[in-house]
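>>> Kindly return the folded structure for what I paste below:
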Amino acid sequence: NMKRHFENKLINGHWELSIFDDTNDQLTGKLLDWKLHFEVDYCTEGIQWTKLSTNSNSCERTTINDGKVIHSNCNDDCGRHQIMNEIFTPRQSHSAVAIGNDVFVIGGYAHGIKPEIWRFNYEDRDWVQLHNSLKRPKSYGQTATLTPYGMIALGGVRNGVTGTSFTDKVFIYDIFNETETVVDFDLGRRRQTSRGYRPESRYHTSATFIGQNHFLFNETAESGLKQILDGILMFGGDISSPNNNYLEDMWLLTLEKIVANKVFVLEHNKHEACIDILHPDKNLLNPWDWSCGRLAHVNSTMHCRWQDVVRKAWCQGHYQQSFLSPL
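Residues are numbered from 1 along each chain as shown. The predicted structure follows:
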């Protein structure tokens, strides 16, 4: 019985055993004995979670006890990281940007602002803190997404002298000139217009960039699908602080005006603007390697700036990335 070899593991498929003679010598005979050896193991799941931070130099939990911050479930990576600034600690409300096999975690909050930039490598599974001059963001809970037209930021909340204020503004950040521009929708001050409604001011919303290869369901279209222009799809968020008042609405911001108005479009030709970033001269010092890349660390002489991280991601065409804006 073949089933006993599988130790109660699930057997999938149809099994058929064939015995044949691979030498065509016209001789006939009788098989007197045969043996069959099995080596079996579980199949690899097609969809599965893999914990990449296992055994990395990080702590998995942070709590406060008697006013003291306590980190727990910490790994020292076999003793290679002896001091606290070499161990990544938990946080929330941070930005995360993926570039190749690295993910950059920028800022965040954990019982206080974390003015830090860390790089985590998927293959090495190692956290490296980078030398930076990160400043506190002007807005809290502002969402950003990378698009071919730069970084687009939505909403957010700011604490000013007159109290807490929310915004429904949309910002375009030019990642080369490092300038921020407010998009003018020409909708006036009313939320209800001839074209519909404007979203309520909010923070901690989610957004993603959708391009010309995306389709939306449309009952009036013959195929049921309607191809859409470049846009930002935004969902939900919070409209109240400190008391929470959550939203479940969905909005589409088409970027036709941004495309048409050259003020908002990046003036740099992408090939020329990114050539030094994507294909640096091997005979020259590569600033990326020493500031944010493979040779960078917390004691490097060069700073790693969030602007450089976003710029590199943009040059590699990593659009649709959605993260909390570091602006």
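
>>> Could you report the neighbour count for residue 299?
Applying other C-beta atoms under 10 Å, we find 8 residues neighbouring residue 299. C-beta here means a position set from N, CA and C on the backbone, and glycine is covered the same way.

>>> now swap in residue 159 and tell me
So residue 159, with other C-beta under 10 Å, has 12 neighbours.

>>> List the residues that contact it.
Taking C-beta atoms under 8 Å, 6 or more residues apart in numbering as the contact definition, residue 159 lies against residue 140.

>>> Three-state assignment for it, please.
Put simply, residue 159 is strand when judged by DSSP: H, G, I helix; E, B strand; the rest coil.

>>> pLDDT score for it?
Note on residue 159: pLDDT of 72.

>>> Check the one 4 residues further on too.
Per-residue confidence (pLDDT) for residue 163: 64.

>>> Over to residue 292?
pLDDT, residue 292: 95.

>>> With residue 286 as the reference, measure out to it.
Residue 292 sits 11 Å away from residue 286, going by C-beta to C-beta, to the nearest Å.

>>> More neighbours: the two, which one.
Neighbours were tallied for residue 292 and for residue 286 using other C-beta under 10 Å; the higher tally belongs to residue 292 (27 against 15).

>>> these two touch, right, that one and residue 308?
Yes - taking C-beta atoms under 8 Å as the definition, residue 292 is a contact partner of residue 308 at 5.8 Å.

>>> Quick one: find the helix or strand in this structure with the lowest mean pLDDT.
Lowest on mean pLDDT, DSSP states H and E among the helices and strands of the chain sits strand 192-193, with a mean of 48.

>>> Give the buried residues for stretch 94-107.
Within stretch 94-107, the residues that count as buried by 16 or more other C-beta atoms under 10 Å are 94, 95, 97, 98, 99, 102, 104, 105, 106, 107.

>>> Export the residues you listed as CSV, with columns for secondary structure.
Below are the buried residues of stretch 94-107 laid out as CSV (three-state DSSP):
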residue, secondary structure
94, coil
95, strand
97, strand
98, strand
99, strand
102, strand
104, strand
105, strand
106, strand
107, coil
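
>>> Distance to residue 256 and pLDDT for these - can I get that in TSV?
Formatted as TSV, those follow (distance: C-beta to C-beta, whole Å; pLDDT from 0 to 100):
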residue	distance to residue 256	pLDDT
94	33	91
95	28	92
97	27	94
98	29	92
99	30	93
102	34	94
104	32	96
105	34	96
106	31	95
107	33	93
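
>>> Which of those residues lies at the shortest distance from residue 75?
Closest approach to residue 75 among the buried residues of stretch 94-107 (C-beta to C-beta): residue 105, at 16.8 Å.

>>> Show the contacting residues for the closest one.
Listed by C-beta under 8 Å, 6+ apart, the contact partners of residue 105 are 88, 91, 94, 95, 96, 116, 117, 118, 119, 120.

>>> Try it again at 10 Å.
Counting by C-beta atoms under 10 Å, 6 or more residues apart in numbering, residue 105 touches 88, 91, 94-97, 114, 116-120, 127, 129-130, 323.

>>> tell me which residues form a beta bridge with it?
residue 96, residue 118 (DSSP bridges).
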